[in-house]
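Asker: Model the structure of this input:
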Amino acid sequence: MRAIRVAEHGGPEVLQLTEIEAPEPQPGHLLVEVAAIGVNFIDTYQRSGVYSMQVPFTPGSEGAGEVVAVGDGVTGFAVGDRVAWAMTPGSYAERALVPADKAVRVPDGVDDRTAAAALLQGLTAHYLVTSTHPVHTGETALVHAAAGGMGLLLTQLIKHRGGNVIGTVSTAEKEKLAREAGADEIIRYTEEDVASTVADLTDGRGVDVVYDGVGKTTFDASLASLRPRGVLALFGAASGPVPPVDPQRLNSAGSVFLTRPSLAHHILTRDELDWRAGELFDWITTGVLDIRIGGTYPLAEARRAHEDLEGRRTTAKLLLLP
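Answerer: Sure, this is the predicted structure:
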């Protein structure tokens, strides 16, 4: 089969299309014919070595497709089922071995591309607004990169829970997308100071929560935008990792809370995975969530997908199509 392989850490050029032996069914696993693969910033962290991975490896942690074989000991799945998965390595390939305890069945009414586009970021958005900082009616959230895949999902879910959204974007096109998703206010971070504009928009109070997946370039503004005892949820590092932080800064900012959550710790049990995925798919089928796919690429063009993602030339979700 064809797969993308990384022989050494580096830039997008290390993503190489390679012919490798197709996997065989393994105990506790599903063998899946991959229909669509989600492209995420975590893939770039693993490719570059920011997140340590043993090379060579097949990148990709999210996808959807049809079960073609079931390994020994697996219950609850059968050949022909449509499934999706997240936080499972080896997805940039025509076939993938997926641990059955990490797979979720895709319901009728959700196509494979939507499922692949929704799961990792959708589950992340779910835990951020329900567990990291449960958004309540009337609260205001600052969402960085509001026109990106995560930003669009967070904006819709915050509005669904009765909150208000201040989004940051860089262009008029991205502002349009963020407002269509429900953002109440938009800050063009290339033209305005984020923290001072947040202060103006909130009458000096600050926001209740900041959802920051950008990291290095936004962290200071995020901290300065919070109300006293607000929450900064730093869930990614698209611009690079944040330098070490003196805890005294949290005091100076108003006894604020800083957390660095990850999806893996919010789907630790089958019950939790099923709860979050079930609500996510319900939101999609009932129209609460509109899953936007910003670009699709053949598997062979994984390098271009990474270049576009890291170059901030994209909106919404990117997919690879085997």
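Asker: From now on I want contacts and neighbour counts done on CA atoms only, so please keep to that.
Answerer: Fine.
Asker: Once you drop chain neighbours, what's closest to Ser255?
Answerer: Arg229 (5.1 Å; CA to CA, 6 or more residues apart in numbering).
Asker: show me the contacts for that neighbour.
Answerer: By CA atoms under 8 Å, 6 or more residues apart in numbering, the contact list for Arg229 reads Gly254, Ser255, Val256, Phe257.
Asker: Given the helix or strand hosting it, what are its sheet partners and their directions?
Answerer: Assigned by DSSP states H and E, Arg229 falls within strand 226-234. The strands beside strand 226-234 in its sheet (DSSP bridges) come out as strand 207-212 (parallel), strand 257-259 (parallel).
Asker: To Gly240, which of those strands lies closest?
Answerer: strand 207-212 (12.1 Å; CA to CA).
Asker: Can you pull out the residues in contact with that closest one?
Answerer: By CA under 8 Å, 6+ apart, the list of residues contacting strand 207-212 reads 128, 133, 139-144, 198, 218-219, 222, 225-227, 230-236.
Asker: Using CSV, write down the CA coordinates of that strand.
Answerer: Provided in CSV are the C-alpha atoms of strand 207-212 (Å, rounded to 0.1, in the frame of the first residue of the first chain):
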residue,chain,number,x,y,z
VAL,A,207,-12.8,37.9,29.3
ASP,A,208,-13.8,34.9,31.4
VAL,A,209,-11.6,32.4,29.4
VAL,A,210,-9.1,32.4,26.6
TYR,A,211,-8.8,29.4,24.3
ASP,A,212,-5.3,29.7,22.9
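Asker: picking that back up, most packed of the strands paired with strand 226-234?
Answerer: Sort those by mean neighbour count, taking mean count of other CA atoms under 10 Å, and strand 207-212 sits at the top with a mean of 26.
Asker: Could I get the average pLDDT for it?
Answerer: Taken as a whole, strand 207-212 has a mean pLDDT of 98.
Asker: repeat for stretch 101-113
Answerer: Mean pLDDT, stretch 101-113: 97.
Asker: Buried ones in it, by neighbour count?
Answerer: Asp101, Lys102, Ala103, Val104, Arg105, Val106, Pro107, Asp112, Arg113 (16 or more other CA atoms under 10 Å).
Asker: what's the span of that stretch from first residue to last?
Answerer: 21 Å (CA to CA, to the nearest Å).
Asker: same deal with stretch 130-144?
Answerer: End-to-end distance of stretch 130-144: 18 Å, with CA to CA as the criterion.
Asker: buried residues in it?
Answerer: Quick answer for stretch 130-144 (16+ other CA under 10 Å): Thr132, His133, Val135, His136, Glu139, Thr140, Ala141, Leu142, Val143, His144.
Asker: repeat for stretch 303-317
Answerer: Arg303, Ala305, His306, Glu307, Asp308, Leu309, Thr314, Thr315, Ala316, Lys317.
Asker: Just the ones of those in helices?
Answerer: Judged by DSSP state H, the buried residues of stretch 303-317 include Arg303, Ala305, His306, Glu307, Asp308, Leu309 as members of helices.
Asker: which one of the residues you listed sits closest to Ala93?
Answerer: Lowest distance from Ala93 to those (CA to CA) belongs to Arg303, with 13.9 Å.
Asker: who's in contact with the closest one?
Answerer: Pro12, Glu13, Val14, Leu15, Gln16.
Asker: from the residues you listed, which would you call buried?
Answerer: So, by 16+ other CA under 10 Å, the buried ones in these are Pro12, Val14, Leu15, Gln16.
Asker: Need the contact partners of stretch 258-274.
Answerer: Applying CA under 8 Å, 6+ apart, the contact partners of stretch 258-274 are 87, 101-102, 104, 120, 123-124, 127, 132, 231-235, 250.
Asker: quick one: the helices in the stretch 151-300 of the chain?
Answerer: Under the criterion DSSP state H, counting those that start in this stretch, the stretch 151-300 of the chain contains helices at 172-181, 194-201, 219-224, 248-252, 270-285.
Asker: Could the C-alpha coordinates of the third one be exported in PDB?
Answerer: Provided in PDB are the C-alpha atoms of helix 219-224 (Å, rounded to 0.1, in the frame of the first residue of the first chain):
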ATOM      1  CA  PHE A 219       0.500  34.000  25.200                       C
ATOM      2  CA  ASP A 220       1.200  37.400  26.600                       C
ATOM      3  CA  ALA A 221      -1.900  39.000  25.100                       C
ATOM      4  CA  SER A 222      -4.000  36.000  26.300                       C
ATOM      5  CA  LEU A 223      -2.800  36.500  29.900                       C
ATOM      6  CA  ALA A 224      -3.400  40.300  29.700                       C
END
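Asker: Pull the distance from it to the chain's centre.
Answerer: Averaged C-alpha coordinates place helix 219-224 at 21 Å from its chain's average position (CA atoms, centre = their mean, to the nearest Å).
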